[in-house]
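Novice: Structure for the following, please:
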Amino acid sequence: MDRMIERQIKGRGLEDEKVLEAFKKYPRHEFVADEDKQYAYDDCPVPIGHGQTISQPYIVAYMTEQLEVKKGMKVLEVGTGSGYQAAILSYPAKEVYSIERISSINERAREIFERMGIGNVKFGVGDGSGGWPEHAPYHRIIFTGAMPGIPEAVESQLDKEDGIIIAPVGGSLGQRIQKIRYVKGKRSVEDKIGCVFVSIYGKYGF
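Specialist: Residues are numbered from 1 along each chain as shown. Next comes the predicted model:
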């Protein structure tokens, strides 16, 4: 784990102390299947079943750093997957709401969180492509799968005084990380690094 942090994260210029502390607190091997634990700290995604993956460590760190989560914030994650990204987010955040369309994956993540004693993450099962309006507004929103674009239905759930959305946006074969920021109601959009994520399916997804 220490080698992963030094080489894959700090070695690529990511130095946010809260993010690094979260990576040390929640070992990645806890979130992969027993037969794949040998790959837990490799510089690549690892399959978790149902065509889904746990993302490359660098990408998790990069997206977390770009999300700029501060103490006391409420975060929405679309695509629970293994639960690893939610765990990393739970360290700085007050609350994380994580929604996943595949119930068996969601249940496995719940079990991991119970075992690890992470209590500030709330899980839901359903189509998260339109967000999770019941618990809005959110200070931060992150998509952990590819989206064709960011729906207005999701932006409407974001705090417009100081809100950020991070998502891989593009086609199914490749995307770019997009960062939408609101400051006192003023919206800005930045295209960040290229990436390849599995797709988010649903009303607003693929």
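
Novice: any idea where the helices of the chain begin and end?
Specialist: Under the criterion DSSP state H, the chain contains helices at 2-4, 17-25, 57-67, 84-90, 103-116, 152-155.

Novice: could these go into CSV alongside distance to Asp191 and mean neighbour count?
Specialist: For every residue, glycine as well, the C-beta is placed using N, CA and C. Compiled in CSV, these are given as follows (distance: least, C-beta to C-beta, whole Å; neighbours: other C-beta atoms under 10 Å):
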stretch, distance to Asp191, mean neighbour count
helix 2-4, 27, 13
helix 17-25, 21, 16
helix 57-67, 12, 22
helix 84-90, 21, 26
helix 103-116, 29, 16
helix 152-155, 17, 16
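
Novice: Turn these into a markdown table, columns for mean pLDDT.
Specialist: Below are these laid out as a markdown table (pLDDT from 0 to 100):
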| stretch | mean pLDDT |
| --- | --- |
| helix 2-4 | 91 |
| helix 17-25 | 94 |
| helix 57-67 | 97 |
| helix 84-90 | 97 |
| helix 103-116 | 96 |
| helix 152-155 | 97 |
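
Novice: JSON lines please, covering those and showing distance to Val196.
Specialist: Putting the helices of the chain into JSON lines (distance: least, C-beta to C-beta, whole Å) gives the following:
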{"stretch": "helix 2-4", "distance to Val196": "20"}
{"stretch": "helix 17-25", "distance to Val196": "22"}
{"stretch": "helix 57-67", "distance to Val196": "10"}
{"stretch": "helix 84-90", "distance to Val196": "16"}
{"stretch": "helix 103-116", "distance to Val196": "20"}
{"stretch": "helix 152-155", "distance to Val196": "22"}
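
Novice: so which of those comes closest to Glu190?
Specialist: helix 57-67 (8.9 Å; C-beta to C-beta).

Novice: mind checking which of the helices of the chain is nearest Gln178?
Specialist: Using C-beta to C-beta, the helices of the chain put helix 57-67 closest to Gln178, at 9.9 Å.

Novice: and stretch 140-155, which residues are buried?
Specialist: 140-148, 150-151, 154-155 (16 or more other C-beta atoms under 10 Å).

Novice: measure it end to end?
Specialist: 10 Å (C-alpha to C-alpha, to the nearest Å).

Novice: ok, which stretches of the chain are strands?
Specialist: 46-49, 52-54, 74-78, 95-100, 121-125, 140-143, 162-171, 174-183, 186-195 (DSSP state E).

Novice: All good on my end, thank you.
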